[in-house]
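Novice: Structure of the sequence below:
(2 chains)
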Amino acid sequence: MSNEFIKLFELILSASLINNFVFTRFLGLCIFFGVSKKMETAVGMSITFTAVMMISAAMSWVIFNFIMVPLDITFLKIIVFIGIIAGLVQASDTIMRKITPGLYYKLGIYLALISTNCIILAVPLVNAGEKYSLLESLAFAFGSGIGFALALIIMASIREKLELADVPAPFKGLPMAFIVTGLIALAFTGFSGLITL
Amino acid sequence: MSQGATINLKDQILNGIIKENTIFKLALSLCPSIAVTNNLKNGVLMGVAVLFVQVMVNLTISLLRNVIQPKVRLPIFMLVISGWVTVTDMSMAALVPDVYKQMGLYIQLIVAFASILARAEMFASKNKFIPSMADGIGMGIGFLFALTVISFFRELLGKGSLWGMHIVYTKPLLILILPAGGFFAVGILMALFNWIDARYMKKTSPVSH
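Specialist: Residues are numbered from 1 along each chain as shown, chains lettered A, B, ... in the order given. Okay, the predicted model is just below:
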């Protein structure tokens, strides 16, 4: 029993720090660069993101293992997963509009963009590929969400300072953001080898 | 976008390569630009895969544009895209298994490319067969071009080789093939494009910022 908990903990740690989706697998970069300009939106985005990711991972796991594997239609997984995610995002869009309209107007377009985000699709695909159990899938999704939140918040706090810095003209905006991300990624390579799964 | 009868095909293709280059100008679909560009072969094959999907999606959407109900267009676009991505995914797995092993996940994730959906929505669903094809080719080649440039520099400087063949026998800059190096490479290339753009724009239109 305790062994399983350690395994789950390792999975969370590895998904959030060692194999951080943004810094070592380079996924979700569009949203990463789009939302990381302000701290407030970064926090809101990461909360929504983690929630959507965990629910979609659980739903995809159930559908994949109880419907697609018995019917032997696993080759349709891309189509099915993107359908699940699109439906889910639509639902959370409606719910957020009712409950937190302020946040909804701020995140606006990015919430809709979640459905075409790589990380949110990558998590169910990795879960299916690695044949994780339901708990492991959830742990992986949670870890990835935390990792993404971490990346967004670090980046947002740096970019708020960067606004005041005197950057050479051609580097203004995105190129500089890329260089900064590279430096953070360099720091994150320090985590590699912390756990070997 | 001008809706005139004489949409110039050459301009249409060039638009995707230079003016609206997916990676350097629009900064969309950045994930593979770093993930698969640590050697030239992967970068080029990824670019070809995207080119194929982009053209086929544009063609399909353009042919179906009178049938698709506007209210449900987005799910249908996603369905078409994921269908073509599945085709690409399975063909790549069969044709180039060694490359597929390294970047299979990224091939499957082509489905989440904002640029492909955006072209389907903005262009193919409103235009005829031939212009849509030209638009797809232009966008795809622009992407292929960007990936080729990035992976060319990263493999040359990071490993001292090209397409797996050693050509430089000095000690390579290992950092460029590390994950972090990808960000640096893209950042510097983007700045370079901005710089060229700024100088070039100054000559043609001094009014623009």
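Novice: Might you report the residue contacts of B:Thr60?
Specialist: B:Val80, B:Trp84 (Cβ atoms under 8 Å, 6 or more residues apart in numbering or on different chains). Heads up, the C-betas are built off the backbone N, CA and C, glycines and all.
Novice: mind redoing it with 7 Å?
Specialist: B:Val80 (Cβ atoms under 7 Å, 6 or more residues apart in numbering or on different chains).
Novice: Distance check, it against chain A.
Specialist: Plainly put, B:Thr60 is 14 Å away from chain A if you go by Cβ to the nearest Cβ, to the nearest Å.
Novice: any idea how far B:Val80 is from that residue?
Specialist: Relative to B:Val80, B:Thr60 is positioned 5 Å away (Cβ to Cβ, to the nearest Å).
Novice: Spatially, what comes nearest to A:Ala151 if we skip its sequence neighbours?
Specialist: With sequence-adjacent residues excluded and distances taken as Cβ to Cβ, 6 or more residues apart in numbering or on different chains, A:Ala151 is closest to A:Val22, at 4.0 Å.
Novice: my guess is the one you found meets A:Gly28, correct?
Specialist: Yes - in this structure, A:Val22 is within contact of A:Gly28 by Cβ atoms under 7 Å, at 6.1 Å.
Novice: so what sits against both of these two?
Specialist: Counting by Cβ under 7 Å, 6+ apart, the residues touching both A:Val22 and A:Gly28 are A:Phe148.
Novice: Mind jotting down where the helices sit in chain A?
Specialist: A:2-13, A:29-35, A:39-63, A:69-71, A:77-99, A:101-113, A:118-130, A:134-162, A:174-188 (DSSP state H).
Novice: quick one, what contacts the residue nearest the centre of chain B?
Specialist: Nearest to the geometric centre of chain B sits B:Phe143, at 2.4 Å (Cα atoms, centre = their mean). Contacts for B:Phe143 (Cβ under 7 Å, 6+ apart) come out as B:Thr22, B:Ile23, B:Gly47, B:Val50, B:Leu51.
Novice: what about it, distance to A:Ile12?
Specialist: Applying Cβ to Cβ to B:Phe143 and A:Ile12 gives a distance of 35 Å.
Novice: ok, B:Ile107 to A:Ile84 distance?
Specialist: B:Ile107 is 20 Å from A:Ile84, by Cβ to Cβ.
Novice: ok, those two, which is more surrounded?
Specialist: B:Ile107 (26 against 19; other Cβ atoms under 10 Å in any protein chain shown).
Novice: Do I have it right that the more buried one meets B:Ala49?
Specialist: Yes - with contact defined as Cβ under 7 Å, B:Ile107 reaches B:Ala49; the gap is 5.9 Å.
Novice: For the helix or strand harbouring the residue nearest to the centre of chain B, buried residues please.
Specialist: Using DSSP states H and E, B:Phe143 falls within helix B:129-159. Neighbour counts over helix B:129-159 (16 or more other Cβ atoms under 10 Å in any protein chain shown) mark B:131-159 as buried.
Novice: In chain A, where is pLDDT below threshold?
Specialist: Residues of chain A that meet the criterion pLDDT under 70 lie in A:1, A:106-113, A:115-116, A:195-197.
Novice: what does it put close to chain B?
Specialist: Residues of chain A found near chain B (Cβ under 7 Å from any Cβ of the partner chain) are A:23-27, A:29-30, A:33, A:75, A:78-79, A:82, A:86, A:113, A:116-118, A:121-122, A:125, A:170-171, A:174-175, A:178-179, A:181-182, A:185-186, A:189.
Novice: that older thread, between the helices of chain A, which one is nearest to B:Met122?
Specialist: Ranking the helices of chain A by proximity to B:Met122 (Cβ to Cβ) places helix A:101-113 first, at 14.8 Å.
Novice: What segments of chain B are helices?
Specialist: B:9-14, B:31-35, B:40-64, B:73-95, B:97-108, B:114-119, B:129-159, B:179-204.
Novice: Highest average neighbour count across these: which stretch is it?
Specialist: Most buried of the helices of chain B, by mean neighbour count (mean count of other Cβ atoms under 10 Å in any protein chain shown): helix B:31-35, with a mean of 27.
Novice: Okay, A:Leu27 and B:Asp98: tell me how far apart.
Specialist: If you go by Cβ to Cβ, the gap between A:Leu27 and B:Asp98 works out to 22 Å.
Novice: on that earlier part again, would you mind getting the angle between the helix holding B:Phe143 and helix B:40-64?
Specialist: 170 degrees (axes from the mean of the first three to the mean of the last three Cα atoms, to 10 degrees).
Novice: tell me the angle of helix B:129-159 relative to helix B:179-204?
Specialist: 120 degrees.
Novice: List, one by one, the residues from chain B near chain A.
Specialist: Neighbours of chain A within chain B, by Cβ under 7 Å from any Cβ: B:27-28, B:30-31, B:34-35, B:75, B:78-79, B:82-83, B:85-86, B:105, B:108-109, B:111-112, B:114, B:117, B:178-180, B:182-184, B:186-187, B:190-191, B:194-195, B:198.
Novice: if we can go back for a sec, got the helices of chain B as TSV, with mean pLDDT and distance to A:Glu163 columns?
Specialist: Below are the helices of chain B laid out as TSV (pLDDT from 0 to 100; distance: least, Cβ to Cβ, whole Å):
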stretch	mean pLDDT	distance to A:Glu163
helix B:9-14	74	35
helix B:31-35	74	24
helix B:40-64	88	33
helix B:73-95	87	35
helix B:97-108	81	32
helix B:114-119	78	25
helix B:129-159	85	27
helix B:179-204	77	17
